[in-house]
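Enquirer: Structure for the following, please:
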Amino acid sequence: MNRNTKIFVAGARGMVGSAIIRALKREGCSNILAPTRNELDLLDSRAVHAYLREHLPAQVYVAAAKVGGILANDSLPADFLYDNLMIEANLIHAAHACNVEKLLFLGSTCIYPKLAPQPLKEEYLLSGPLEPTNEWYAVAKIAGIKLCQAYRRQHGRHFISAMPTNLYGPFDNFDLSSSHVMPALIRKFHDAKIARAATVTVWGSGTPLREFLHVDDCAEACLFLMQHYDAAEIVNIGVGEDLSILALAELIKRVVGFKGGLEFDRSKPDGTPRKLVDTAKINTLGWRARIDLEAGVRETYEWFKANFAAETEPQVRSR
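Expert: Numbers count the residues shown, from 1 in each chain. Okay, here's the model as predicted:
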């Protein structure tokens, strides 16, 4: 990698974007464009075009998106569809107009059909109906994939797309109204430990199987793909192993040190029964995940306590 290459990371303050910047800096890259939301509104097509025209980056990482868990997706379908369509369309079109050498678009494994065979192979895209609880986000991400493929086909652009599995790590969203399952459980178990609660309630039955990838592994994979991959087909980024939500809850309970019990609220949706990605393509290229799940959860919990927990802990009066 040329350390002087000018690189624009869209979504630099988010979990994935910040991890990409950390990975770039580890490689010695210092010419990084990382505007905040106040500095650049990605929903404003004129502003995005003007920014890229002014700075002319050689590479663009599209890590910006409106994201959230099942509740947020189900409650705000228009926001998830519109915002994500606009963000990716503005960035991808401006990258073309400004002759960006290479662009990486980050999608999500929610693009795959709800009942697709497991593990999820890249060719399963558009082979069946989506999971209803997050189809709005998934449709937007599929549109981003197709935009990259369209600009590559029509204009010869070196735009690629990667599909990371469920991510976790520093700078995750721990707001219970909009978070994904991993940060939500970390927050729930921590709050229950502080409050000395008897139980923690987990959404659904606990039986769905999920795969979890540390965001720093994801960032390393993104840099790897920008250096070693240039084709229209999407590439999965994952670990290649999964576990049940029950097993995940028990792992987080142990890491947090909560001594109470578990309850499952079966009135809440389970989502897709299983979502394990086939990582054969990226593994064959030469990349594999390296961070162990329990070690990653412990690191994430320590980050949560240092950066977030103090704001959320209930006030306990001394007697």
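
Enquirer: any chance you could map the strands in the stretch 101-250 of the chain?
Expert: 102-106, 159-164, 166-168, 199-203, 209-210, 212-214, 235-237, 243-244 (DSSP state E, counting those that start in this stretch).

Enquirer: Where does the prediction get shaky in the stretch 151-300 of the chain?
Expert: Along the stretch 151-300 of the chain, segments meeting pLDDT under 70 are nowhere present.

Enquirer: Save the strands of the stretch 101-250 of the chain as a markdown table, and put in mean neighbour count and distance to residue 267 too.
Expert: (C-beta placed from N, C-alpha, C; glycine too.) What follows is these, written out as a markdown table (neighbours: other C-beta atoms under 10 Å; distance: least, C-beta to C-beta, whole Å):
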| stretch | mean neighbour count | distance to residue 267 |
| --- | --- | --- |
| strand 102-106 | 24 | 33 |
| strand 159-164 | 24 | 30 |
| strand 166-168 | 22 | 23 |
| strand 199-203 | 18 | 9 |
| strand 209-210 | 20 | 20 |
| strand 212-214 | 24 | 25 |
| strand 235-237 | 25 | 32 |
| strand 243-244 | 15 | 19 |
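
Enquirer: and residue 186, which of these is closest to it?
Expert: Comparing the strands of the stretch 101-250 of the chain by their distance to residue 186 (C-beta to C-beta), the top pick is strand 166-168, with 8.5 Å.

Enquirer: Which neighbours in the sheet does that closest one have, and how are they oriented?
Expert: Here strand 166-168 has these sheet partners by DSSP bridges: strand 212-214 (parallel).

Enquirer: Contacts for the strand it pairs with next, please.
Expert: 164-169, 182, 237-239, 243, 248, 289, 291, 293, 296, 299-300 (C-beta atoms under 8 Å, 6 or more residues apart in numbering).

Enquirer: repeat for stretch 78-86
Expert: So stretch 78-86 is contacted by 42-43, 45, 65-66, 68, 72-73, 134, 136-137, 139-141, 143-144 (C-beta under 8 Å, 6+ apart).

Enquirer: which of the residues you listed has the most neighbours?
Expert: residue 137 (28 neighbours; other C-beta atoms under 10 Å).

Enquirer: quick one, what contacts that one?
Expert: So residue 137 contacts 66-68, 73, 80-81, 84, 108, 110 (C-beta under 8 Å, 6+ apart).
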